[in-house]
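need coordinates for the following:
(2 chains)
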Amino acid sequence: MKSPHVLTVSRLADLLKEVVEDNFFQVLVEGEISNFSSPGSGHLYFCLKDERAQIRAVMFRTRNRLLPFRPENGMHVLCGGRLSLYSQRGEIQLVVETLEPLGLGSLQLAFEQLKEKLAAEGLFREDLKQSLPPHPVTIGVVTSPTGAAIHDILHVLRRRGAGLRLLLRPVRVQGEGAADEIAEAIADLNRQGEADVLIVGRGGGSLEDLWAFNEEAVARAIRASALPVISAVGHETDVTIADFAADLRAPTPSAAAEMVARSRLELEGHLDHLILRLDGQIRGRIGLWRERLSGQERRLRNPLERLEGLGQRRNYLEQRLFQAFDRNRSHAQGQLATLSGRLDNLSPLRILSRGYAVVRRERDGLAVRNSSELKVGEGLDIRFSEGSVRAEVAEVKS
Amino acid sequence: MTENTEKNFESAMHSLEEAVDRLESGDLTLEESLDWFERGVKSAALCRSHLKEVETRVELLLKEKDGSLTLKNFELE
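Model (predicted):
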């Protein structure tokens, strides 16, 4: 039998919708924006919340188009609008028509207040910050054993072949008590003492998710750590109090891993450099010794070279001797030529060529020097430069 | 890297650095040069083998009820 009181879900939703929309058609609500999203549709979706409650809100495109600022998580706002039931989900939502900022959201306000307080105490002073140890081998990690951070860190270190040892001190990284666990873990790793450096952090999340890293206990534990601390919280854009307190801030857990891996790679680089210097030195030295050796060798060769020098001198003298000899010979030849020239001038033939003749007696061939040596009718042989004649004496004159 | 091999690594590194220093600054005989070179080469090889030795591994540092800390191997996934 069907009871008249049984409603379908749709009917109930319709009734509820009437009640809600008729009674809350004009409300003003003050609260903090969280879970803000703005999908491609252009509508804005978020939650309005305070310490105890939250309510879904939507601001449609036609309305939010006129907003001069961009709503963000953590922003404290005053919303004007009406309540509506989103029947498909059975959820009541605030349909926002006007949105005004009311200063900072409470968490952000808390962040700013703590930051100011700790800065005034000198907790973030640059001169307190330690640098990474040159050769970190054991890395203490304070994070959740099931979170993204430890995965990311390990992934980077393995990809880099960094060969390090991680000491994971598992903690909760969000929720009630997380900050105290983190602070305690930092102290524990310091007490245990094997780590060279600590990475403290977690993967990305909302401001609420990251909140533990904005708490005073964590900041103080980081500052109190004798081991250098790298903070590695959330994404690039997330800045936490832990980042200010830490010795080094890594934008993400992966980046923190890169830092320690890099120092490892630098160590390898240092080793390579030392090996090169070692090699260069021994080469240089061997080169030096080799030079000295060949210097000695040169000195050993000297006597031989002296002999060689003597040989050269001998050749030189020999050459001079020959040259002198040659010179003398040509001088003699010159003299010979002169003498033979003079001899030539004395030759009777030479005299004949000047038009003189030689007269010889036919009977004995003697050259006639005096006419008295001749008789009339006697035969004469007269020799000229070219040829000769026979003649007879016709008359003898005194 | 255990603490022991880590110490070995550090001392090998120091020994290498010393060898380089001596070779660079010392007025050594040929014999001494070769000795230092040999020491350097051995240390360098030791350093290299240490650096190649291990894959990154994770140990859990757990806290007992009495507050003492213990180590336990940890496998991710």
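
count the neighbours of residue 37 for me.
In the absence of a named chain, this looks at chain A. Residues lying near A:Ser37 (other Cβ atoms under 10 Å in any protein chain shown) number 9. Using the backbone N, CA and C atoms, a C-beta is placed for each residue, glycine as well.

meant chain B, my bad for not saying
B:Phe37: 22 neighbours (other Cβ under 10 Å).

quick check: it vs A:Asp243, distance?
According to Cβ to Cβ, to the nearest Å, B:Phe37 and A:Asp243 sit 48 Å apart.

equivalent analysis for B:Arg22, please.
Applying Cβ to Cβ, the value for B:Arg22 to A:Asp243 is 45 Å.

quick one: which of these two has more around it?
Set B:Arg22 next to A:Asp243 and count neighbours by other Cβ under 10 Å: A:Asp243 wins out with 23 against 19.

how about the more buried one, what does it touch?
A:Phe213, A:Ser231, A:Val233, A:Arg249 (Cβ atoms under 8 Å, 6 or more residues apart in numbering or on different chains).

neighbour-wise, give me the winner out of those residues.
A:Val233 (32 neighbours).

give me phi/psi at that residue?
Phi and psi for A:Val233, reported as degrees, to the nearest 10, are phi -120, psi 120.

show me the beta-bridge partners of it.
Residues in a beta bridge with A:Val233, per DSSP bridges, are A:Arg202.

so it makes contact with A:Asn214?
No. If you go by Cβ atoms under 8 Å, A:Val233 and A:Asn214 don't touch, sitting 9.0 Å apart.

any residues in contact with both of these two?
Shared contacts of A:Val233 and A:Asn214, defined by Cβ under 8 Å, 6+ apart, comprise A:Thr240, A:Ala242.

okay, now the domains of chain A?
Here the domain parsing of chain A from automatic domain parsing is A:9-103, A:108-261, A:351-392.

helix or strand right after whatever helix or strand A:Leu307 lives in?
According to DSSP states H and E, A:Leu307 maps onto helix A:253-346. As assigned by DSSP H and E, the chain's next helix or strand after helix A:253-346 is helix A:348-352.

contacts made by that next one with the rest, please.
So helix A:348-352 is in contact with A:Asp344, A:Val358, A:Arg383, A:Phe384, A:Ser385, going by Cβ under 8 Å, 6+ apart.

for whichever residue of chain B sits closest to chain A, which three-state class applies?
Proximity of chain B to chain A (Cβ to the nearest Cβ) peaks at B:Leu23, 3.7 Å away. What DSSP: H, G, I helix; E, B strand; the rest coil gives for B:Leu23 is helix.

quick one: contacts for the nearest residue to it once chain neighbours are set aside?
Closest residue in space to B:Leu23, ignoring its immediate chain neighbours: A:Gln281 at 3.7 Å, by Cβ to Cβ, 6 or more residues apart in numbering or on different chains. A:Gln281 makes contact with B:Val20, B:Leu23, B:Glu24, B:Ser33, B:Phe37 under the criterion Cβ under 8 Å, 6+ apart.

mind doing that once more with 7 Å?
Residues near A:Gln281 by Cβ atoms under 7 Å, 6 or more residues apart in numbering or on different chains: B:Val20, B:Leu23, B:Glu24.

so who does the last one touch?
Which is B:Glu24. A:Arg277, A:Gln281.

swap in 6 Å and give it another go.
A:Gln281 (Cβ atoms under 6 Å, 6 or more residues apart in numbering or on different chains).

now do A:Cys47
Contacts of A:Cys47 by Cβ under 6 Å, 6+ apart are A:Ser34, A:Asn35, A:Gln54, A:Arg56.

wait, a strand at the first one?
Yep, that's A:Ser34 we're talking about. Yes. Counting by three-state DSSP, A:Ser34 falls inside a strand.

quick one, phi/psi of the most centrally placed residue in chain B?
Against the mean C-alpha coordinate of chain B, by Cα atoms, centre = their mean, the closest residue is B:Phe9 at 0.9 Å. Reported as degrees, to the nearest 10, the phi and psi values for B:Phe9 are phi -60, psi -50.

so what's it closest to, chain neighbours aside?
Counting by Cβ to Cβ, 6+ apart, B:Phe9 lies nearest to B:His50, which is 4.2 Å off, once chain neighbours are set aside.

please name the nearest non-neighbouring residue to A:Asp381.
A:Arg360 (4.6 Å).

ranges for the strands of chain B?
Ranges of strands in chain B, per DSSP state E, are B:57-63, B:69-74.

just name the most buried of the ones you listed.
Neighbour counts (mean count of other Cβ atoms under 10 Å in any protein chain shown) averaged over each of the strands of chain B peak at strand B:57-63, with a mean of 17.

name the residues that touch that strand?
Strand B:57-63 has contacts (Cβ under 6 Å, 6+ apart) with A:Leu166, A:Leu167, A:Leu168, A:Arg169, B:Leu69, B:Thr70, B:Leu71, B:Lys72, B:Asn73, B:Phe74.

pLDDT (mean, whole number) over that strand?
The average pLDDT within strand B:57-63 is 88.

pairing partners for that strand, with directions?
Assessed with DSSP bridges, strand B:57-63 is paired to strand A:165-170 (parallel), strand B:69-74 (antiparallel).

now those in JSON lines, with distance to A:Val9?
Formatted as JSON lines, these follow (distance: least, Cβ to Cβ, whole Å):
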{"stretch": "strand A:165-170", "distance to A:Val9": "44"}
{"stretch": "strand B:69-74", "distance to A:Val9": "49"}
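
closest one to A:Gly147 among these?
Ranking the strands paired with strand B:57-63 by their distance to A:Gly147 (criterion: Cβ to Cβ) puts strand A:165-170 first, at 9.6 Å.

from A:Glu297, how far out is the nearest residue to A:Phe124 once chain neighbours are set aside?
With sequence-adjacent residues excluded and distances taken as Cβ to Cβ, 6+ apart, A:Phe124 is closest to A:Phe244, at 4.5 Å. Applying Cβ to Cβ, the value for A:Phe244 to A:Glu297 is 70 Å.

more neighbours: which of the two?
Using other Cβ under 10 Å as the criterion, A:Phe244 and A:Glu297 rank with A:Phe244 on top: 19 against 9.

name the SS class of that one, please.
Following three-state DSSP, A:Phe244 is assigned to helix.

okay, and the beta partners of A:Pro141?
In this structure residue A:141 is Val, not Pro. A:Leu168, A:Ile199.

so what's it up against?
A:Leu166, A:Leu168, A:Ile199.

so can I have CSV of those residues showing pLDDT, distance to A:Glu176 and neighbour count?
Shown next, in CSV, are the contacts of A:Val141 (pLDDT from 0 to 100; distance: Cβ to Cβ, whole Å; neighbours: other Cβ atoms under 10 Å in any protein chain shown):
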residue, pLDDT, distance to A:Glu176, neighbour count
A:Leu166, 92, 27, 24
A:Leu168, 95, 22, 26
A:Ile199, 97, 24, 27
